[in-house]
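K.L.:
mind folding the following:
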Amino acid sequence: MSGFVEKPEPIQVPGLVHLHTGKVRELYQNEAGDLVMVASDRISAFDWVLPTEIPGKGSILTQLSLWWFDQLRDLIPHHVLSTELPEGAPADWAGRTLVCKSLQMVPVEAVARGYLTGSGLLEYNESRTVCGLALPEGLADGSELPAPIFTPATKAAVGEHDENVSYEEVARQVGADTAARLRQATLAVYSRGRDIARDRGIILADTKFEFGFDGDTLVIGDEVLTPDSSRFWPVDQWEPGRAQPSYDKQFVRDWLTSAESGWDRKSEQPPPPLPQEVVDRTRAKYVEAYERLTGTSWS
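P.N.:
Down below sits the predicted model:
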């Protein structure tokens, strides 16, 4: 059992039809047929959406995605049409709301890895492969790969786990041409992001994207290169062979699995609320990632 500890009731706005409540975002459609994405301050861990929010997280993720879309504009088009608030929307939606093209989404999590960790490390330790791709001997947690690899995954519902799949399985599901375009776009965007991040003292270990089609044009959607969709590590603390310090919700994961939380991850009980210290430290990591990447202060 997993999912929402406390599923929120979506705000009703005249002229908008609520479509979906995701882990982080509320999705609406306006009268023109465009999508309206509202990023919340919710945070998830271990397939649970937690009862405690991280103040400002939705705005940080939205503004960082907008910054990245601008850095990537020559590589691939994005889905954002406007950042203006829909008429009648709550004032606190400002800064965390995007009006976007309605795309025909590809049902694949497009994952790029430049370093070995997470589920990729688990598979590597068993078979020396990741998503069926053979890797050399001698790699450890945090090792840089010889070259970035495309390691797709299925898109899971809230409370369920994404599952790594082979490139061949993606080609079977969406067609060989679409699979090839996904792989090319994923690795191109990852490589651009990796180089920009490294110049700012951050390693982009891995990341996931979502793509859709606007007619025949492949478009990048959702969020991009944020601490929620990526693993960011400080360059000056990188040391293969151990878990790396990161700019994400690791404080949340560490506390939930500590004796202090009193929560058994293997039980069917929902996780408890987060203490204020964990909230503050997690928020500080999101802010630091934003500021180091963009070179601007978060106010």
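
K.L.:
where does pLDDT dip in the stretch 151-299 of the chain?
P.N.:
156-161 (pLDDT under 70).

K.L.:
any chance you could map the strands in it?
P.N.:
In the stretch 151-299 of the chain, the segments counted as strands under DSSP state E, counting those that start in this stretch are 202-214, 217-221, 230-234.

K.L.:
kindly export stretch 116-133 (C-alpha atoms) in PDB.
P.N.:
C-alpha atoms of stretch 116-133 as PDB (Å, rounded to 0.1, in the frame of the first residue of the first chain):
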ATOM      1  CA  LEU A 116      26.000   4.600 -11.800                       C
ATOM      2  CA  THR A 117      23.700   4.700  -8.800                       C
ATOM      3  CA  GLY A 118      20.100   3.900  -7.700                       C
ATOM      4  CA  SER A 119      18.200   1.200  -9.500                       C
ATOM      5  CA  GLY A 120      21.000   1.100 -12.200                       C
ATOM      6  CA  LEU A 121      23.500   0.200  -9.500                       C
ATOM      7  CA  LEU A 122      21.300  -2.600  -8.300                       C
ATOM      8  CA  GLU A 123      21.000  -4.100 -11.700                       C
ATOM      9  CA  TYR A 124      24.700  -3.600 -12.500                       C
ATOM     10  CA  ASN A 125      25.700  -5.500  -9.300                       C
ATOM     11  CA  GLU A 126      23.600  -8.500 -10.400                       C
ATOM     12  CA  SER A 127      24.300  -8.600 -14.100                       C
ATOM     13  CA  ARG A 128      26.800  -5.900 -15.100                       C
ATOM     14  CA  THR A 129      24.000  -4.300 -17.200                       C
ATOM     15  CA  VAL A 130      21.600  -1.400 -16.900                       C
ATOM     16  CA  CYS A 131      18.300  -1.800 -18.800                       C
ATOM     17  CA  GLY A 132      20.100  -4.600 -20.700                       C
ATOM     18  CA  LEU A 133      23.000  -2.400 -21.700                       C
END
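
K.L.:
quick one: distance of it to the chain centre.
P.N.:
20 Å (CA atoms, centre = their mean, to the nearest Å).

K.L.:
who's in contact with that stretch?
P.N.:
113, 134-137, 139-143, 145, 149, 151-152, 164-168, 205-206, 231, 243-244 (CB atoms under 8 Å, 6 or more residues apart in numbering). Heads up, the C-betas are built off the backbone N, CA and C, glycines and all.

K.L.:
can I get the strands of the stretch 151-299 of the chain in JSON lines including distance to residue 185 and mean neighbour count?
P.N.:
Output for the strands of the stretch 151-299 of the chain, formatted as JSON lines (distance: least, CB to CB, whole Å; neighbours: other CB atoms under 10 Å):
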{"stretch": "strand 202-214", "distance to residue 185": "6", "mean neighbour count": "22"}
{"stretch": "strand 217-221", "distance to residue 185": "6", "mean neighbour count": "19"}
{"stretch": "strand 230-234", "distance to residue 185": "16", "mean neighbour count": "22"}
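
K.L.:
out of those strands, flag the one nearest residue 59.
P.N.:
Residue 59 sits nearest to strand 230-234 of all these, at 17.8 Å, using CB to CB.

K.L.:
only alpha carbons, please: show that closest one as CSV.
P.N.:
These are the backbone C-alpha positions of strand 230-234, laid out as CSV (Å, rounded to 0.1, in the frame of the first residue of the first chain):
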residue,chain,number,x,y,z
SER,A,230,17.3,14.5,-11.4
ARG,A,231,20.2,13.5,-9.1
PHE,A,232,22.5,16.5,-8.5
TRP,A,233,25.8,16.0,-6.6
PRO,A,234,28.3,18.6,-5.6
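
K.L.:
partner strands of it, with direction?
P.N.:
strand 202-214 (antiparallel) (DSSP bridges).

K.L.:
of the contacts of stretch 116-133, grab the buried ones for ChimeraX.
P.N.:
Selection of buried members from the contacts of stretch 116-133 for ChimeraX, criterion 16 or more other CB atoms under 10 Å:
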select :113,135,139,141,142,143,145,149,151,152,164,165,167,205,206,231,244
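
K.L.:
from the contacts of stretch 116-133, which land in helices?
P.N.:
Of the contacts of stretch 116-133, the ones assigned to helices by DSSP state H are 167-168.

K.L.:
the strands of the stretch 151-299 of the chain into a markdown table, with extra columns for distance to residue 117?
P.N.:
Shown next, in a markdown table, are those (distance: least, CB to CB, whole Å):
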| stretch | distance to residue 117 |
| --- | --- |
| strand 202-214 | 6 |
| strand 217-221 | 24 |
| strand 230-234 | 7 |
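
K.L.:
low-confidence ranges in the stretch 1-150 of the chain?
P.N.:
1-2.
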